[in-house]
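K.L.:
The sequence and its predicted three-dimensional model are supplied below.
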Amino acid sequence: GALRWLGSIFSSYARRCAMSYSVIFCEATAIYGVIMAIILANKVKKPDEATYYLDNNWDWNGYYYAGYGMFSAGLSVGLTNIASGVSVGIAGSSCAIGDAQDASLFVKILIVEIFASALGIFGIIVGIIQSNSCQFPIAPLE
């Protein structure tokens with residue numbers, strides 16, 4: 001009697017732990033956003049001449065290019081993280097419901113959840129490639 005009761009406690013605990021995979025995948029997606037924020041924050045450089053206004057001989061097109069490049073990199077990572085989070089949530093919900101009905105479905109749905117989480121990885125790769133071209137001018141044109 002007592003061993004069966006103890007076994008049911010561990011079985012229920014293992015089942016609850018299995019349902020926490022979705023949370024782990026979504027936390028990884030959040031970390032991708034933090035990584036991209038650190039990369040983009042390190043791209044911003046202060047001009048050599050510390051004046052209140054920059055003269056007309058500065059590369060204004062370079063500033064626009066770098067600014068819009070950083071914006072597009074952040075937007076790419078953010079939108080793919082939203083898509084990844086929503087798809088992981090939907091797959092995780094399906095995994096919980098499917099596992100409650102048939103325990104053999106857990107691994108199959110978990111693989112779908114891993115593919116949904118891979119969207120965030122693709123987004124950060126694209127964001128890093130986009131941010132590599134963002135160089136702010138630090139000196140005026142000669």
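P.N.:
Received the coordinates, thanks.

K.L.:
rest of the way, CA atoms for contacts and neighbours
P.N.:
Will do.

K.L.:
just for this protein, where's the confidence low?
P.N.:
Along the chain, segments meeting pLDDT under 70 span 1-19, 50, 142.

K.L.:
can you give me the strands for it?
P.N.:
Ranges of strands within the chain: none, based on DSSP state E.

K.L.:
Show me the helices in it, by range?
P.N.:
With helices called from DSSP state H, the chain shows them at 2-18, 21-41, 60-101, 106-131.

K.L.:
From the contact counts, what lies against the third one?
P.N.:
Using 3 or more CA pairs under 8 Å, 6 or more residues apart in numbering; DSSP states H and E as the contact definition, the elements that helix 60-101 packs against are helix 21-41, helix 106-131.

K.L.:
one step back: select, out of the helices of the chain, the one closest to Asp48.
P.N.:
Asp48 lies closest to helix 60-101 among the helices of the chain, at 14.6 Å (CA to CA).

K.L.:
Run the chain-centre distance for the closest one.
P.N.:
6 Å (CA atoms, centre = their mean, to the nearest Å).
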